[in-house]
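1. my questions are about this predicted structure, shown below with the sequence.
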Amino acid sequence: MNGYDLLRSVRDGTAKLVFFDPQYRAVLDKMAYGNEGARQKGRASLPQMPEAQIARFVRQIGRVLAPSAYLVFWTDKFAIGTGGHLAVLRHHEQLQVVDLICWNKLRPGMGRRARCVSEYAVVVQKFPIRAKGLWTDRSIWDCWPEMADRSRHPHAKPHVLTERLIRATTRRGDLVVDPCAGGYGVLEACRLSGRQFLGCDLVT
């Protein structure tokens, strides 16, 4: 199912947490590494999302989030460095960046200068902004080392961090939404933590 259609089916203000991991190619196209081929065939075969489409998702995410609920928006260092993440988040006026977690993947990637070993979880909150009572785990590091299981999905995210974020920002029975679910790691974390899950992906 298309994740955008899924979001449109969710009632206003019902999600207590949304994970959004869009399949974007900005850094690959900008750098033109030219080595995707067989090495990157899993990643290259995934449906790609231009910035305008990501912005449409953000508008729907802002609508379905409950007041003071969180969005975990995954992005790369290219988007962080150029402010691309802020450009798309501006498409919903009630969303504000409140934290940033650097994920050390413990696996070096590409890079014309520094080799890329990181991705970023931009922590966004819907107004009204507050942390007390809504973020219950103060022991999550803002630089998180964890290796993901890529055998499940080319863009697999860190399972332990995902579950910790779910437990930190929601309660048992709350709704967690993942419109680009990939390998369904968020679903697994929701099962372990007793949260309700709603998600989909075009590729399974």
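-> Nice, I can see it. Residues are numbered from 1 along each chain as shown.
2. burial measure for the closest residue to residue 191 other than its chain neighbours, as a count.
-> Among residues not flanking residue 191 along the chain, residue 197 sits closest, at 7.4 Å (Cβ to Cβ, 6 or more residues apart in numbering). Just so you know, the C-beta spots here come from the backbone N, C-alpha and C atoms, and that holds for glycine as well. Close neighbours of residue 197, defined as other Cβ atoms under 10 Å, add up to 17.
3. so after the lowest-mean-pLDDT helix or strand in the chain, what's the next helix or strand?
-> Of all the helices and strands that make up the chain, helix 41-44 has the lowest average by mean pLDDT, DSSP states H and E, namely a mean of 48. Following helix 41-44 in sequence order, the next helix or strand is helix 51-64 (DSSP states H and E).
4. now the helices for this structure?
-> 3-8, 26-31, 41-44, 51-64, 77-82, 84-89, 159-169, 185-193 (DSSP state H).
5. how about these in TSV, adding mean neighbour count and distance to residue 148?
-> Formatted as TSV, these follow (neighbours: other Cβ atoms under 10 Å; distance: least, Cβ to Cβ, whole Å):
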stretch	mean neighbour count	distance to residue 148
helix 3-8	18	20
helix 26-31	15	18
helix 41-44	14	13
helix 51-64	19	22
helix 77-82	16	17
helix 84-89	18	20
helix 159-169	20	7
helix 185-193	19	8
